[in-house]
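1. Could you work out the structure for the sequence below:
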Amino acid sequence: MKVTLESTSKIVELTTRVNALGGTFVPARIWEGHTESGIPVHCYVTRIAVANDQNHAQFEAELRECRAPSPDVAAIPLRLIL
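-> Residues are numbered from 1 along each chain as shown. The predicted structure follows:
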């Protein structure tokens, strides 16, 4: 499966029911996109990295670019328990 994603300005906090992270919340940016067949998706991204031999400055500049979330994603609560 291939998914095309775009970063949004929406950030939520994730935690697990069993408090596997010691009861702390982990921030996640919501990215929106679609599958190759056009099915809309949204993803909760907690970490993203670039290979050491790539241009980190360019990556970080592009990573700062984000759009406003769609109304469906904007309605997601700021704290989520998984």
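2. which strand in the protein runs the most residues?
-> strand 3-15 (DSSP state E).
3. could you give the mean pLDDT of that one?
-> The predicted model gives strand 3-15 an average pLDDT of 93.
4. i'd like the first residue to be 38 from this point on
-> Noted, 38 is the first residue going forward, which turns the last one into strand 40-52.
5. Remind me what it packs against, helices and strands.
-> strand 63-72, strand 77-82, helix 108-111, strand 116-118 (3 or more CB pairs under 8 Å, 6 or more residues apart in numbering; DSSP states H and E). In this view, the C-beta of every residue, glycine as well, is placed from N, C-alpha and C.
6. can you tell which of the ones you listed is closest to Lys39?
-> strand 63-72 (6.9 Å; CB to CB).
7. quick revisit: could you give the angle of the longest strand of the chain to strand 77-82?
-> 50 degrees (axes from the mean of the first three to the mean of the last three CA atoms, to 10 degrees).
8. could you measure the residue lying farthest from the centre of the chain against Phe96, distance?
-> For the chain, the C-alpha lying farthest from the average C-alpha position belongs to Asp90; by CA atoms, centre = their mean, that distance is 23.8 Å. When distance is defined by CB to CB, to the nearest Å, Asp90 is 12 Å away from Phe96.
9. Find me the pLDDT at Val63, would you?
-> Val63 is given a pLDDT of 86.
10. Next: the one 5 residues further on.
-> Trp68 is assigned a pLDDT of 97 by the prediction.
11. and it, what are its bridge partners?
-> Here Trp68 sits in beta bridges with Ser44, Cys80, going by DSSP bridges.
12. Could you check how many residues crowd around it?
-> 21 (other CB atoms under 10 Å).
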